[in-house]
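[1] here you go, sequence then predicted model.
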Amino acid sequence: MSIADKKITVLGAGVAGLAVARALAFKGAQVTVLEQADAIREVGAGLQVSPNGAKVLTALGLGAGLSAASMRAQAVELRDGRDGALVLRLDLTKLRPDQGYHFVHRADLIALLAQGARDVGVQMRLLQKIDTVDLTGPKPRVMTALGEAIESDIVIGADGLHSPSRKALNGTIAPFFTRQVAWRATIPVAGDQPAVAEVHMGAGRHLVSYPLRGGTLRNIVAVEERSAWVEESWSLRDDAMEMRLAFQDFGPRVQGWLEQVEDVYLWGLFRHPVAPVWTRDLAQGGVAILGDAAHPTLPFLAQGASMALEDAWVLAERLSHAPLPEALRQYQAARAPRCARIVAAANSNARAYHLSGVPRSIAHMALRLGGMLAPSLALKRFDWLYDFDVTAG
């Protein structure tokens, strides 16, 4: 299938939407991105782009931009939350030279992708809140909150957790509250900051932190188990004292970070099932979803951005090399098993980080022993994740 001159509408100007827009425009499609905000920007803090995601950015011609905007990670360290003692270190410098692992501010990655999309002719329309995606006609049609109907050859839903396109394909499926909430914040720092992600683990809670923007900022994500329901939102502000109280029994390094937090956001962590249906072929067009719209994942494997980048590449490649019905089928067949495995692995990490009592002591002892006897083995456990290269065909 040639997508040259096809009219493609992408819903959402996040990582998934901007990446797929650039990928498709490179192949000659007429791409418009609809974004509900009044500007293409990203609130929030840091994210991690692992080698599998970095390969996509490089293939999209944005590798140099990623290197300039990010910090190349040196290690991930698992630490005992109570005293900060090292449990296990994953030495990321042992990855192959072409396997970059990056810490990047979310806003910087969005800015890189947005400029990359504009550079290849993608049109951006702001203040476009989507009410529904209508799949009853020969072509998909998007209905905006202002009453405009936008018909396209292909609609791509990169519209996140509360995706109208996911709803059009799958109906409404209620998420499950994991009984965990997360705070996120950044603090300014001075001096050299090693590019190391630290995971401080405690009973029923853990905290992840790593530097951003050349070490001038420190990203903090702190997760606590609780029974109370919290709104599923990225923009709910909270009192920093609540976070400090939740981690008051953690070590002095964590306490020092939390004392500096002024602005903090809180969100409830919900488990959404991987969507059963990702695509639909219509008489004269089709629709597909990707990223969080297709497979929302908990943030315990740091794969949200990289999964979205992988999806974007695969969808664009399939659409440019196969007839539309076959391209859509191939896309879901290629992506769904891997994404389901990643979602399951993230769920497993959430449990492992929060152990208490005897199981916690046994698990930490096993990790320490394994790190001493076979230091490279722990990192090799992630070969299935980091070695994966969707751009290799």
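    Ah, there it is.
[2] for the nearest residue to L290 once chain neighbours are set aside, pull up the helix or strand it's in.
    Counting by C-beta to C-beta, 6 or more residues apart in numbering, the nearest residue to L290 once its immediate chain neighbours are dropped is D311, at 3.8 Å. To be clear about C-beta, it is placed using only N, CA and C from the backbone, and glycine gets the same treatment. Taking DSSP states H and E as the definition, D311 sits inside helix 304-321.
[3] go on, V181?
    Take DSSP H and E as the rule and V181 turns out to sit in strand 176-188.
[4] same deal with L379?
    Assigned by DSSP H and E, L379 falls within helix 377-380.
[5] the residue nearest to L290 reaches A23, doesn't it?
    No: D311 is beyond contact range of A23, at 10.3 Å (criterion: C-beta atoms under 8 Å).
[6] settle it for me: which of these two has more neighbours?
    Under the neighbour definition other C-beta atoms under 10 Å, D311 and A23 were set side by side, and D311 has more, 32 against 26.
[7] for that one, give me its contacts.
    A16, V20, L290, G291, A294, R335, C339 (C-beta atoms under 8 Å, 6 or more residues apart in numbering).
[8] one more: T58?
    Taking C-beta under 8 Å, 6+ apart as the criterion, T58 is in contact with L66, T391.
[9] could you check how far it is from I130?
    Distance, T58 to I130, by C-beta to C-beta, to the nearest Å: 31 Å.
[10] which stretches in the stretch 251-393 of the chain count as helices?
    Secondary structure of the stretch 251-393 of the chain (DSSP state H, counting those that start in this stretch): helices at 252-259, 304-321, 324-353, 357-373, 377-380, 383-386.
[11] swap that for the stretch 1-150 of the chain, sorry
    Counting by DSSP H, counting those that start in this stretch, the stretch 1-150 of the chain has helices at residues 15-26, 51-59, 63-69, 106-119.
[12] among those helices, which is nearest L324?
    Ranking these by proximity to L324 (C-beta to C-beta) places helix 15-26 first, at 13.2 Å.
[13] run the chain-centre distance for that closest one.
    How far helix 15-26 lies from its chain's middle: 15 Å, per C-alpha atoms, centre = their mean, to the nearest Å.
[14] in this structure, where is pLDDT below threshold?
    Low-confidence segments of the chain (pLDDT under 70): 1, 40-44, 229-235, 358, 373.
[15] give me the most central residue, it.
    Central residue of the chain (C-alpha atoms, centre = their mean): G304, 2.0 Å from the mean position.
[16] mind listing what L315 touches?
    Contact analysis of L315 by C-beta under 8 Å, 6+ apart lists V20, A23, I156, A288, L290, Y331.
[17] got a list of what S152 touches?
    With contact taken as C-beta under 8 Å, 6+ apart, S152 is in contact with K7, I8, T9, T32, K139, P140, R141, V142, G285.
[18] of those residues, buried ones?
    For these, a burial check counting by 16 or more other C-beta atoms under 10 Å picks out K7, I8, T9, T32, K139, P140, R141, V142, G285.
[19] and those as JSON lines, adding distance to A392?
    Output for these, formatted as JSON lines (distance: C-beta to C-beta, whole Å):
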{"residue": "K7", "distance to A392": "30"}
{"residue": "I8", "distance to A392": "25"}
{"residue": "T9", "distance to A392": "29"}
{"residue": "T32", "distance to A392": "30"}
{"residue": "K139", "distance to A392": "33"}
{"residue": "P140", "distance to A392": "31"}
{"residue": "R141", "distance to A392": "36"}
{"residue": "V142", "distance to A392": "34"}
{"residue": "G285", "distance to A392": "30"}
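[20] what is the nearest of the residues you listed to V274?
    For the buried ones among the contacts of S152, the nearest to V274 is P140 (21.7 Å; C-beta to C-beta).
[21] next one: that closest one from P276, what distance?
    P140 is 19 Å from P276, by C-beta to C-beta.
[22] same check, this time on A64
    From A64 over to P276 the distance is 39 Å, taken as C-beta to C-beta.
[23] with G291 instead?
    Going from G291 to P276 by C-beta to C-beta gives 16 Å.
[24] which of these two has more neighbours?
    Neighbour count, other C-beta under 10 Å: between G291 and P276, G291 has more, with 31 against 11.
[25] thinking again about what came up before, of the helices of the stretch 1-150 of the chain, which stretch is the most buried?
    Highest mean neighbour count among the helices of the stretch 1-150 of the chain (mean count of other C-beta atoms under 10 Å): helix 15-26, with a mean of 28.
[26] what angle do that helix and helix 106-119 make?
    Angle of helix 15-26 versus helix 106-119, following axes from the mean of the first three to the mean of the last three C-alpha atoms, to 10 degrees, is 20 degrees.
[27] just use 59 as the starting number from now, easier for me
    Sure, I'll start numbering at 59, so the last one becomes helix 73-84.
[28] what helices or strands is helix 73-84 leaning on?
    In this structure, helix 73-84 packs against strand 65-69, strand 88-92, helix 164-177, helix 362-379, with contacts taken as 3 or more C-beta pairs under 8 Å, 6 or more residues apart in numbering; DSSP states H and E.
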